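>>> fold the stuff below for me.
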Amino acid sequence: MTALAACAPRAEYALLNPPAQEVAADARRLEVLAVTTRARQSPDANIFTTARSRVAGHALFGIAAARDRMPGQIAPPALAVERQAILTSRAALLDRLAARPGQSEVGLFVHGYNMNFPESLLRTAQLAADDVLPGAPVLFAWPSEARVQGYLHDRDSVAASRDALAELLTDLARDRRLGRVDVLAHSMGAWLTVEALRQLRLSGRADVLDRLSVTLAAPDIDADVFAAQMAVIGPMRQPMKILVAPDDRALILSSRISGERLRLGMLDVSDPRVGQITSAYNIAVIDISGMQATDGLRHDRYAGLGAAAAPRSQVNDLRRAGAYVITAVGGLVIAPFDVLEGALSPD
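Have a look, this model is predicted:
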């Protein structure tokens, strides 16, 4: 697993500096806002370390996405940081979001294990550029150590970031200048997200939960733990979507580390027990193992949803609980069986 992960080059902090080369004039310009529990290296720089901060930091990045880039691609020159700024407060971030003309919806990305800040930033930009993440892109970056061997460190960093994510979700949902908040959480970031949802429910914040649309991509969560979490959270107004792949090598490793406990992102949609979960908690489980893997661990397939418009739009707009599959041919979402009442087709 270490060898497979090492095959991919890491994004470096130098990428956050404005590029020396001229960016193509026809590139798509994106503004990505970041909220992070990583500590700043210095108060006057957007360089975030692996140390944990009790106070969330805020930043703005202007990113150019090349028109001829392949869907899912994040390596330069496909994406380039053109500008950046420090935001001094949460209010400044909310004002920036509210000032975007004709775009009130927010797309929040919560990254996964083994990811440094530049990688999480460029992944957020890629998801927005490929329309996988709808709305104005916002990154929630927690202090991953960005090492394969840092799994336990990352678990602790996730636990330390739960309050900060719950506070961010509350602020986004309560700002009436903004529309629906779409949350896309990957891998260990999915565990962080579900914990934040649980905390919001226990705090009586149904008003916040009702404005969220949540997608968990390859969630690294013990299946029994998820069942206990959902027993508290209960069904959400918008169906929670879970993107799964039984052949995900990163989750297979996580399962072994955890004593062969099933990870949520490895669910088999043909298992009738999946139907019980989806109907009880308003969940749509979507098998994406038919999609082409973009990494050796088969853990980042979700990033390629923008390669075809049909699955991307159907996943984003799915309004019914059930079990689905994205096929390799045509990339359409289909239901292998109905978990509710007869033949089920995607909306």
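>>> alpha carbons only for contacts and neighbour counts from here, please
Noted.
>>> right, and the helix or strand after whichever strand in the chain runs longest?
Longest strand in the chain, counting residues (DSSP state E): strand 48-65. Downstream of strand 48-65, the first helix or strand assigned by DSSP states H and E is strand 79-87.
>>> just the buried positions in the next helix or strand after that next one, please.
Remark: after strand 79-87, the chain's next helix or strand is helix 90-98, criterion DSSP H and E. Neighbour-count burial for helix 90-98, counted by 16 or more other C-alpha atoms under 10 Å, picks out 90, 93-94, 97-98.
>>> what does stretch 63-80 give?
Residues 63-66, 69, 71-75, 78-80 are the ones in stretch 63-80 that count as buried (16+ other C-alpha under 10 Å).
>>> lowest pLDDT pick from those?
Least confident entry in these, by pLDDT: Ala75, with 81.
>>> angles on the backbone of that one, please.
Backbone torsions of Ala75, given as degrees, to the nearest 10, read phi -70, psi 140.
>>> with Leu192 instead?
Residue torsions, per degrees, to the nearest 10, at Leu192 are phi -60, psi -40.
>>> contacts only, for it.
With contact set as C-alpha atoms under 8 Å, 6 or more residues apart in numbering, Leu192 has these partners: 158-159, 161-162.
>>> nearest to Phe140, of those residues?
The nearest member of the contacts of Leu192 to Phe140, counting by C-alpha to C-alpha, is Ser161 at 9.8 Å.
>>> next, count neighbours for that closest one.
Neighbourhood size, Ser161 [other C-alpha atoms under 10 Å]: 25.
>>> may I have the phi/psi pair for it?
Per-residue torsions, Ser161: phi -100, psi 0 (degrees, to the nearest 10).
>>> that one contacts Ser144, doesn't it?
No. Judged on C-alpha atoms under 8 Å, Ser161 makes no contact with Ser144 at a distance of 10.8 Å.
>>> which regions of this protein sit below the pLDDT cut-off?
1-23, 308-311, 328-347 (pLDDT under 70).
>>> now do 80
Along the chain, the parts satisfying pLDDT under 80 run over 1-25, 76, 102-103, 148, 257-260, 273, 275-276, 292-297, 307-314, 327-347.
>>> how about the strands of it, start to end?
In the chain, the strands defined using DSSP E lie at 28-40, 48-65, 79-87, 106-110, 136-141, 181-186, 212-217, 240-244, 283-287, 322-326, 333-334.
>>> roughly how far is the second one from the heart of the chain?
To tie it back to what came earlier, the one meant is strand 48-65. 16 Å (C-alpha atoms, centre = their mean, to the nearest Å).
>>> ok, now stretch 139-151?
Distance, stretch centre to chain centre, for stretch 139-151: 14 Å (C-alpha atoms, centre = their mean).
>>> same question for that stretch: list its buried residues.
139-148, 151.
>>> distance to Leu262 added to these, as CSV?
Below are the buried residues of stretch 139-151 laid out as CSV (distance: C-alpha to C-alpha, whole Å):
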residue, distance to Leu262
Leu139, 28
Phe140, 26
Ala141, 26
Trp142, 25
Pro143, 25
Ser144, 23
Glu145, 24
Ala146, 24
Arg147, 23
Val148, 20
Tyr151, 17
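>>> relative to Ser279, which of those residues is nearest.
Lowest distance from Ser279 to those (C-alpha to C-alpha) belongs to Phe140, with 29.8 Å.
>>> that closest one reaches Ala166, doesn't it?
No. Under the criterion of C-alpha under 8 Å, Phe140 is not in contact with Ala166, lying 11.0 Å apart.
>>> that older thread, with respect to Pro118, which of the strands of the chain lies nearest?
Ranked by C-alpha to C-alpha, the member of the strands of the chain that lies closest to Pro118 is strand 48-65, at 9.1 Å.
>>> could you say what helices and strands that closest one packs with?
Judged by 3 or more C-alpha pairs under 8 Å, 6 or more residues apart in numbering; DSSP states H and E, the packing partners of strand 48-65 are strand 28-40, strand 79-87, helix 117-129.
>>> most tightly packed of these?
When the helices and strands packed on strand 48-65 are scored by mean count of other C-alpha atoms under 10 Å, the highest mean neighbour count falls to helix 117-129 (a mean of 25).
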